[in-house]
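**Student:** Sequence first, then the predicted structure, then my questions.
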Amino acid sequence: MAAAVDGGAPDLAGLLERIAADVAPLIGSGTPAEYIPALAEVDPRHFGMAVADLDGNVHGVGDWRVPFSAQSITKVFALALALAEGGDSLWRRVGREPSGNPFNSLVQLEHENGIPRNPFINAGALVVTDRLQTLTGDASSELLEFLRAESGNPDVSFDAEVAASEHEHGDRNAALAHFMASYGNIDNPVPALLDHYFWQCSIAMSCADLARAGLFLARHGLRADGSRLLTRSEAKQVNAVMLTCGTYDAAGEFAYRVGLPGKSGVGGGIVAVVPGRCALAVWSPGLDSRGNSVAGVAALDRFTTLTGLSVF
Ligand code: GLU
C-alpha cells in the first residue's frame, strides 16, 4: 500500500474508498461548532477526503469538492506568508510551545505578558495576522490570493455570512486582541485587525483545494509554480509547529494516532502533510470535545495505518 501516493492512482482511489467505508459509522458523530451560528447550520453528515501528490494531482472521495469553512486551517498559511515576507523576527512575538489550554483561552496570556504560546491558538494567530497586515497592508486579501494560486482554484473566496457571524460573536477574539495590544504586542488598530482575522477564518475551500494548497509544505517550501516561499528549514519549522500545536489541546493524541503534521479548524476540516510525498485534507463537521473532526481524525489515522506513511 505504501506505493499508493507515488502515482498509483487506482491504488489511491481504492484506498480512499476503503477509508471512507471504515469511518462511515463515525460520520455525523460529534457536534458542529456552535459558537459561530453560521457553522452550526452545516449538515454534520458531510465527509470528504483528498490527497494531492507533489505534482498537484488530486484524488478524493465523498464530498472532496464541496467548499467548507477553513477556519483555523488558514492559520498555517498566514504563518507561512508572515515568515516568508517578514522572516523569523515574528518569533519574538509568539512562542512555539503547545498551550495545554483551549484555543481561545485568555488565562495564559496574562502570565506570559501578552506573548501567545503558539501561532495556532487564536491569540497567536491574531499576532500573525497583525504582522502580515503590517507587512502587506491587506492581510486577508494577500492570504486569499495565495490560497487561490496554490490551490489552482480562482473561485476560492471569503464567506461573507460566516465572517459576519464571527464578528457578531467575536467578543472573545476582541478581548484577546485588546489584551495583547495592552502589552504592546499588536501593531495595527484592533478593529481593523479583527476584520482581517474574521475574513481570513471565513475562507471557504474544498478538500481538493486545501490538499493542493498544503503542498508547499510537502515540497519543503516550494510553491505550485516552482518558486520558493519558505526555506527548507522554515518549512520544517512550520511542519513541526503543526505537529506539536496544530490540533488544539489534542496535538499529542493526534501525533499518536496519525503521526503527521496537521492543522484542524472548527469547520471540521484538517490538513495534514507527509513531507516529501503528499498533502491531505479531510472534512466532516462533527467535532470531538477538543474541537477536532471525529471522522476526520479517524480517516487520517486509517490513512497512515494503511499506507505506513508518517513522519515516524
Ligand atoms: N474563527 C474561529 C475563531 O476565531 C477559528 C477557530 C478555529 O477554527 O479554531 O474562533
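**Tutor:** Thanks, I have the structure now.
**Student:** alpha carbons only for contacts and neighbour counts from here, please
**Tutor:** OK.
**Student:** Next, the contact list for the residue sitting nearest the centre point of the chain, please.
**Tutor:** Using CA atoms, centre = their mean, the residue of the chain that lies closest to the mean C-alpha position is Ile73, 1.7 Å off. Residues near Ile73 by CA atoms under 8 Å, 6 or more residues apart in numbering: 263-265, 269-271.
**Student:** Shouldn't it be within a strand?
**Tutor:** No. Under the criterion used here (DSSP: H, G, I helix; E, B strand; the rest coil), Ile73 is helix, not part of a strand.
**Student:** one step back: are any of the contacts of Ile73 buried, and which?
**Tutor:** With burial judged by 16 or more other CA atoms under 10 Å, the buried subset of the contacts of Ile73 is 263-265, 269-271.
**Student:** Pick the one among these closest to the ligand.
**Tutor:** Nearest to the ligand among those, counting by CA to the nearest ligand atom, is Gly265 at 3.6 Å.
**Student:** residues in contact with the closest one?
**Tutor:** 70-73, 291-292.
**Student:** mind redoing it with 6 Å?
**Tutor:** 71-73 (CA atoms under 6 Å, 6 or more residues apart in numbering).
**Student:** For Gly246, see how far away the residue nearest to it when sequence neighbours are not counted is.
**Tutor:** What sits nearest to Gly265 in space, not counting adjacent residues and going by CA to CA, 6 or more residues apart in numbering, is Ser72, at 4.3 Å. According to CA to CA, to the nearest Å, Ser72 and Gly246 sit 9 Å apart.
**Student:** Over to Phe179?
**Tutor:** Noted for Phe179: a distance of 23 Å to Gly246, by CA to CA.
**Student:** Compare the two and say which is more crowded by neighbours.
**Tutor:** Gly246 (33 against 19; other CA atoms under 10 Å).
**Student:** ok, and which of the contacts of Ile73 reach the ligand?
**Tutor:** Among the contacts of Ile73, the ones lying near the ligand by CA under 6 Å from any ligand atom are Gly265.
**Student:** what's the closest of the contacts of Ile73 to His220?
**Tutor:** The closest of those to His220 turns out to be Val271 (CA to CA; 15.8 Å).
**Student:** and that closest one, bridged to which residues?
**Tutor:** Applying DSSP bridges to Val271 gives these bridge partners: Lys263, Ala281.
**Student:** Identify the residues contacting it.
**Tutor:** Applying CA under 6 Å, 6+ apart, the residues contacting Val271 are 262-263, 280-281.
**Student:** Filter these down to the buried ones.
**Tutor:** Of the members of those, the ones counted as buried by neighbours, 16+ other CA under 10 Å, are 262-263, 280-281.
**Student:** biggest separation within the residues you listed, which pair?
**Tutor:** Of all pairs in these, the most separated under CA to CA is Lys263 and Leu280 at 10.7 Å.
**Student:** From Val58, how far out is the residue nearest to Gly265?
**Tutor:** Ser72 is 22 Å from Val58, by CA to CA.
**Student:** These two: which has the busier surroundings?
**Tutor:** Ser72 (29 against 21).
**Student:** Same list (the contacts of Gly265) but as a markdown table, adding distance to Val107 and pLDDT.
**Tutor:** Shown next, in a markdown table, are those (distance: CA to CA, whole Å; pLDDT from 0 to 100):
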| residue | distance to Val107 | pLDDT |
| --- | --- | --- |
| Gln71 | 22 | 98 |
| Ser72 | 20 | 97 |
| Ile73 | 23 | 98 |
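**Student:** List the contacts of the residue in the stretch 101-250 of the chain positioned nearest to the ligand.
**Tutor:** The minimum distance from the stretch 101-250 of the chain to the ligand, using CA to the nearest ligand atom, falls at Cys201 (4.9 Å). Going by CA under 6 Å, 6+ apart, Cys201 touches Gln71.
**Student:** Read off the pLDDT value for it.
**Tutor:** For Cys201, the pLDDT comes out at 97.
**Student:** Sort out which residues of the helix or strand it falls within are buried, please.
**Tutor:** Element membership for Cys201, per DSSP states H and E: helix 190-202. Burial within helix 190-202, assessed by neighbour count using 16+ other CA under 10 Å, is assigned to 190, 193-202.
**Student:** Next, give me the two most distant ones among these.
**Tutor:** Greatest spacing in the buried residues of helix 190-202, by CA to CA: Val190 and Ser202 (18.2 Å).
**Student:** need the helices for the stretch 201-312 of the chain, in chain order.
**Tutor:** Along the stretch 201-312 of the chain, counting by DSSP state H, counting those that start in this stretch, helices occupy 207-213, 215-218, 232-245, 251-257, 294-307.
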